[in-house]
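Colleague: let me see the structure of the following:
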Amino acid sequence: MADTLRFSPSAGWDEVRQMLGSNMQLLIAIAGVFFLLPGLVLSFTMPAITDMSSLDAIVAVVQPYLPLIILASVIQMAGQLAIWTLVMAADRPTVGEAIKAAILFLPFYFLINILTNIIVGAGILLFIVPGIYLAVRLAPIGVIAITEGIRNPFTAIQRSFAVTRSNALPIFAFLLIVVVVFLLISLAVSLVFTTVFAMVGMDVTPAGTGGSLLAVISGIVGAAGTTVFTLMAVTIYRQLTGSGTPEVFS
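Modeller: Now for the predicted structure:
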């Protein structure tokens, strides 16, 4: 199996749309439980960060909620693993089977994710560009790990670099375009609904009815974006390995 194929962003997006269309109901079920609900819990639990003047001020607000943030992140990881299992397994598992496989693999992916974040974070500290490069090279690491049954974080990182070799630029373009579009959509949705709610007399502050509705709407948009980015890792892996039917349950 060749790992030096060329990645096509346009073909990648076509495949993402195809996966969304053919698995929409199942993806909505997983995204609702694993992406939307944890996000809403954080939105309604954590106070708004009003003082952005220093890192210490931000940490002071976030620190008491770190256990909740970590728990929400772990739940999101489980959702990503379930989606990867669902769309990659050869025998088309049910949602329940996909979730079970995700939970069983979650401890290994948690360690892989921690090491990946450390590497990317270190790269960002080195004038940002190295961090972006590392993030691109490690973009499909999760789907690689569960698809190929890789439990060792260092092996998973090595494999991700092998799969993405000579394809950093097209993968970066693929990710960047979707990030920009998603940010524009999020901004537009927020502005439109904030304006509408304010016009009908709703309180759009975080504690108000309008603010609560905005949090729900933003959560839905965020869950949709997370789902799309999860599927993007699949199409990167499939294109660069020519593989689409892994041994997920082995």
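
Colleague: how much space between residue 131 and residue 42?
Modeller: 24 Å (CB to CB, to the nearest Å). Yep, even glycine has a C-beta here, placed from its N, CA and C like the rest.

Colleague: just residue 146 next, same as before
Modeller: Separation of residue 146 from residue 42 (CB to CB): 25 Å.

Colleague: who's more crowded, those two?
Modeller: residue 146 (27 against 17; other CB atoms under 10 Å).

Colleague: that one contacts residue 104, correct?
Modeller: No - Residue 146 is not in contact with residue 104 according to CB atoms under 8 Å; the separation is 9.8 Å.

Colleague: OK, contacts around the spatially most central residue of the chain?
Modeller: In the chain, the C-alpha nearest the mean C-alpha coordinate belongs to residue 226, at 4.2 Å (CA atoms, centre = their mean). For residue 226, the residues meeting the contact criterion (CB atoms under 8 Å, 6 or more residues apart in numbering) are 31, 35, 76, 79-80.

Colleague: top of those by neighbour count?
Modeller: Most neighbours among those, by other CB under 10 Å: residue 79, with 27 neighbours.

Colleague: would you mark the buried spots in the worst-scoring helix or strand of the chain on mean pLDDT?
Modeller: When each helix and strand of the chain is scored by mean pLDDT, DSSP states H and E, helix 55-62 comes last, with a mean of 81. Buried residues in helix 55-62, defined by neighbour count with 16 or more other CB atoms under 10 Å: none.

Colleague: what's that helix in contact with?
Modeller: Where contact means CB under 8 Å, 6+ apart, the residues beyond helix 55-62 that reach it are 46-47, 49, 51-52, 69.

Colleague: residues near residue 125, how many?
Modeller: 10.

Colleague: I figured it hits residue 118, correct?
Modeller: No - if you go by CB under 8 Å, residue 125 and residue 118 don't touch, sitting 10.8 Å apart.

Colleague: for the least confident helix or strand of the chain, list the C-alpha coordinates in PDB.
Modeller: Output of helix 55-62 as PDB, limited to C-alpha atoms (Å, rounded to 0.1, in the frame of the first residue of the first chain):
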ATOM      1  CA  LEU A  55      -3.100  35.000  30.900                       C
ATOM      2  CA  ASP A  56      -3.400  35.000  34.600                       C
ATOM      3  CA  ALA A  57      -6.900  36.500  34.500                       C
ATOM      4  CA  ILE A  58      -8.000  33.900  32.000                       C
ATOM      5  CA  VAL A  59      -6.500  31.000  34.000                       C
ATOM      6  CA  ALA A  60      -8.200  32.300  37.200                       C
ATOM      7  CA  VAL A  61     -11.600  31.900  35.500                       C
ATOM      8  CA  VAL A  62     -10.900  28.600  33.800                       C
END
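
Colleague: first-to-last residue distance for stretch 198-208?
Modeller: With CA to CA, to the nearest Å as the measure, stretch 198-208 spans 11 Å from end to end.

Colleague: could you number the chain from 36 rather than 1 from now on?
Modeller: That works, and once the first residue is 36, the last one we named lands at stretch 233-243.

Colleague: model confidence over that stretch, on average?
Modeller: For stretch 233-243, mean pLDDT is 87.

Colleague: same check, this time on stretch 48-62
Modeller: On average, stretch 48-62 scores 93.
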